[in-house]
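# Mind looking at a prediction? Sequence and model below.
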Amino acid sequence: MSLKLYFAPGACSFVPHSLLELSGAGFEPVSVKLHKGEQRSAEYLALNPRGQVPVLVDGGEVITQIVAILLHLDAKLPEAGILPAGGMARTRALSTLAWMNNTVHPTFTHIFMPQKFTDDAAAQQVIQRFAADSYRGLLGEIEALAANAEPWLTGDRPGALDAYALTLLRWGGIAGIDPTGFTATWALAQRYAALPAVAKAIERERLQLNLYRHSA
């Protein structure tokens with residue numbers, strides 16, 4: 001199996017990164033340092049002209065966009081349990097995954113990179129404040145899901161939703177939201193992070209789960 005995953009520490013690429021470790025499949029992890037602009041290098045742009053992570057290379061095929069990558073890995077590694085195998089469980093999982101990716105994730109982008117949406121400094125601050133309030137509510141929706149985890153979001157095996165929930169909750173700290181206030185999601189994230197294979201990805205990315213800092 002020839003798999004190569006380009007990831008950036010702390011980015012959404014943690015989701016496929018941790019799932020690949022959890023699957024036990026052999027793969028080559030390649031760190032892309034966003035703060036150094038490595039995503040804008042000619043070599044990287046040849047893989048993904050959008051300059052984004054993650055990128056999965058499977059043999060000669062280059063796959064971008066996290067949902068496409070997860071679906072590809074789920075088809076290639078069905079024994080890994082990345083998503084439920086079928087039926088309404090799979091449909092519901094895909095619905096939640098799409099929502100995490102197309103609603104929760106972009107809301108955080110408005111907090112972290114408001115300059116993508118306006119070059120007006122004052123407007124950027126308004127966008128950040130508004131998005132942070134919205135993000136808190138979205139984390140509340142994830143909290144409701146986590147409160148019913150059995151013990152994972154899609155049943156008895158950890159999968160894509162758990163990895164994404166950890167990532168989104170962790171970003172809450174950057175947005176000025178205390179992740180420990182979402183007790184069920186925080187417990188879910190800690191359970192996922194404690195899995196030995198996931199801990200390997202966390203160590204490689206040098207992640208700290210709680211990034212929240214109390215204001216002075």
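Received it, and whenever you're ready, just let me know what you need. Numbering: from 1, shown residues only.

# all strands for this structure, in order.
Per DSSP state E, the chain carries strands over the ranges 3-7, 28-31, 55-58, 61-64.

# Would you mind pulling the contact partners of the longest one?
Right, the one you point to is strand 3-7. 13-14, 16-17, 20, 25-32, 44, 47-48, 53-58, 205 (CB atoms under 8 Å, 6 or more residues apart in numbering). For every residue, glycine as well, the C-beta is placed using N, CA and C.

# Which other helices and strands does the lengthiest helix in the chain contact?
Counting by DSSP state H, the longest helix found in the chain is helix 121-146. Packed against helix 121-146, as judged by 3 or more CB pairs under 8 Å, 6 or more residues apart in numbering; DSSP states H and E, are the following elements: helix 105-112, helix 160-174, helix 183-194.

# Next, the angle from the last one to helix 121-146.
Angle, helix 183-194 to helix 121-146, by axes from the mean of the first three to the mean of the last three CA atoms, to 10 degrees: 80 degrees.

# roughly how far is helix 183-194 from the heart of the chain?
Relative to its chain's centre, helix 183-194 lies at 14 Å (CA atoms, centre = their mean, to the nearest Å).

# what does the first one give?
Going by CA atoms, centre = their mean, the spacing between the C-alpha centre of helix 105-112 and its chain's C-alpha centre is 13 Å.

# helices or strands up against that helix?
Going by 3+ CB pairs under 8 Å, 6+ apart, helix 105-112 lies up against helix 121-146, helix 160-174.

# can you do 7 Å?
helix 121-146 (3 or more CB pairs under 7 Å, 6 or more residues apart in numbering; DSSP states H and E).

# relative orientation of the helix it packs on and helix 160-174 in degrees?
With the same axes, to 10 degrees as the basis, helix 121-146 and helix 160-174 are set at 140 degrees to each other.

# Where does pLDDT dip in the protein?
In the predicted model of the chain, residues 1, 214-216 satisfy pLDDT under 70.

# May I see the domains of it written out as residue ranges?
3-80, 87-195 (automatic domain parsing).

# Quick one, which of these gets closest to Ala201.
domain 3-80 (4.3 Å; CB to CB).

# okay, how far is it across the closest one, tip to tip?
The straight-line separation of the ends of domain 3-80 (CA to CA, to the nearest Å) is 15 Å.

# And the nearest residue to Glu143 once chain neighbours are set aside, how far from Leu188?
Excluding its sequence neighbours, the residue lying closest to Glu143 (CB to CB, 6 or more residues apart in numbering) is Phe182, at 4.4 Å. From Phe182 across to Leu188, the span is 9 Å (CB to CB, to the nearest Å).

# Between these two, tell me which one has more neighbours.
Neighbour tally, Phe182 and Leu188, criterion other CB atoms under 10 Å: the higher count belongs to Leu188, 26 against 23.
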